[in-house]
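Chemist: kindly return the folded structure for what I paste below:
(3 chains)
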Amino acid sequence: MSDIKKFMYLNRRAPYGTIYAWESLEVVLIGAAFDQEVSLMFMDDGVFQLVKGSDTSESDMKNFMPTYRTLGDYGVRHLYVDKASLEARGLTADDLIEVAWEDFETEEEVDNIVEAVDADQVVQLMAESEVVFSF
Amino acid sequence: MPIEVDGKTLETDEEGYLANINEWVPGVANVMAAEDELELTDEHWDIINFLREYYEEYQIAPAVRVLTKAVGKKLGKDKGNSKYLYGLFPYGPGKQACRYAGLPKPTGCV
Amino acid sequence: MADLLTVNKSPFEKNSLELAIKYSQPGSAILLIEDGVYGAMKGTVAEAMVKGAMGDKKMYALKSDLKARAIKDDRVIDGVEVVDYAGFVDLVEANDKVQAWL
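Modeler: Numbers count the residues shown, from 1 in each chain, chains lettered A, B, ... in the order given. Next up is the predicted model:
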């Protein structure tokens, strides 16, 4: 496979209030079949998508928070979270879910692929990406 | 078309997937398999139970690729390949086994 | 004479909450629902604005929407009252009219 591209999914919307977060997640899950190098970036209200402890039992909505934890199995290598967006919302990395990653062939494992990054890193990561999908 | 399981009528969608995942009982898999003229063995149940656990944890049905890898990890490498899984579920491990397990069709399955 | 104002947008994405506060009379009740409940969180850049509004207005947040968004009670700004659906109905009854800030 010589045509592996670097894909970034840019998520800037809160979960539940609009359909963007779930749509993005579905596209990532479907896109995983295409063997690309995939990372997700969470900025602005998008950081709320990864806050742990969601309980939708009284809201009549599907709680898709657990689905993020399987992204490692779908070939997603990095979930980047913009630090400034966290800080503006009174959040820290401790408030976020952890997502494990494992290569089933090499058995290489990473306990948590969720990583808070500063603005310079965000610039760098976006520049490195060949395709950016915005949600 | 609704199916009859243990004296109860359960709704399914146009592709035969259970309309309400919470209505699933093991009898659902038996009834669906009988319609496909398939007899469920322990090996089939390993996969069906695996899928239900996966759904419980992640709230989605896994893509076939992910299922294959995860089964290999959980049940042994000899079972984590598509030949083994298609041998058990000839209509496709994702589609057929998920249907028996009461799960929605796997995301990305067309 | 008082109105109930509902706000269903995140204060970090839209200025609905800011406007609901700015263009309402003293004594008004402001109910945060859906993504609006992010305005009830402690420690955010919107906290000062919400606290400022509580001088002459009452702030409420809908419990089920807080729970879905993983905002536990101890992360809700002190003075913001958490209400359930029945409480929502009570607020509608207790006020002259309901105005939605979308």
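Chemist: just the pLDDT for residue 52.
Modeler: If you meant another chain, say so; for now it's chain A. pLDDT, residue A:52: 96.
Chemist: was after chain C, sorry
Modeler: You'll see residue C:52 listed with a pLDDT of 97.
Chemist: the closest residue to it other than its chain neighbours: what secondary structure?
Modeler: Closest residue to residue C:52 in three dimensions, ignoring its sequence neighbours and counting by CB to CB, 6 or more residues apart in numbering or on different chains: residue C:21, at 7.8 Å. Placement of C-beta: from N, CA and C, glycine included. Put simply, residue C:21 is helix when judged by DSSP: H, G, I helix; E, B strand; the rest coil.
Chemist: and after the worst-scoring helix or strand of chain A on mean pLDDT, which helix or strand comes next?
Modeler: Every helix and strand in chain A was compared by mean pLDDT, DSSP states H and E; the lowest is strand A:101-102, with a mean of 89. Where DSSP states H and E defines the elements, the next helix or strand beyond strand A:101-102 is strand A:109-110.
Chemist: just after that following strand, pick out the following helix or strand.
Modeler: Once the chain leaves strand A:109-110, the next helix or strand it forms, by DSSP H and E, is strand A:114-117.
Chemist: packing partners of that next one?
Modeler: For strand A:114-117, the contact count by 3 or more CB pairs under 8 Å, 6 or more residues apart in numbering or on different chains; DSSP states H and E identifies strand A:76-82, helix A:83-88 as packing neighbours.
Chemist: direction included, what does it pair up with?
Modeler: Sheet pairing of strand A:114-117 (DSSP bridges) gives strand A:76-82 (parallel).
Chemist: for the strand it pairs with, the averaged confidence score.
Modeler: In the prediction, strand A:76-82 has an average pLDDT of 96.
Chemist: what residues sit buried inside it?
Modeler: Within strand A:76-82, the residues that count as buried by 16 or more other CB atoms under 10 Å in any protein chain shown are A:76, A:78-82.
Chemist: distance from it to the middle of the chain?
Modeler: In terms of CA atoms, centre = their mean, to the nearest Å, the gap separating the centre of strand A:76-82 from the centre of its chain is 5 Å.
Chemist: contacting residues around it?
Modeler: Contacts of strand A:76-82 from elsewhere in the structure, counted by CB atoms under 8 Å, 6 or more residues apart in numbering or on different chains, are A:28, A:32, A:37-44, A:47, A:50, A:68, A:71, A:93, A:96, A:99, A:101, A:113-117, A:119, A:121-122, A:125.
Chemist: before we move on, back to that, let's have the helices and strands packed on strand A:114-117 in a markdown table, adding distance to residue B:28.
Modeler: Supplementary listing: the helices and strands packed on strand A:114-117 in a markdown table, determined by distance: least, CB to CB, whole Å:
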| stretch | distance to residue B:28 |
| --- | --- |
| strand A:76-82 | 32 |
| helix A:83-88 | 44 |
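Chemist: so which of the ones you listed is nearest residue B:37?
Modeler: The closest approach between residue B:37 and any of the helices and strands packed on strand A:114-117, judged by CB to CB, belongs to strand A:76-82 at 39.4 Å.
Chemist: so residue 81 bridges to which residues?
Modeler: Because you didn't say which chain, this covers chain A. Note on residue A:81: beta-bridge partners residue A:42, residue A:116, judged by DSSP bridges.
Chemist: that was the other one, I meant chain C.
Modeler: Beta-bridge pairing of residue C:81, defined through DSSP bridges, involves residue C:60.
Chemist: that one against residue C:58, yeah?
Modeler: Yes. Using CB atoms under 8 Å, residue C:81 and residue C:58 qualify as a contacting pair, with a distance of 7.1 Å.
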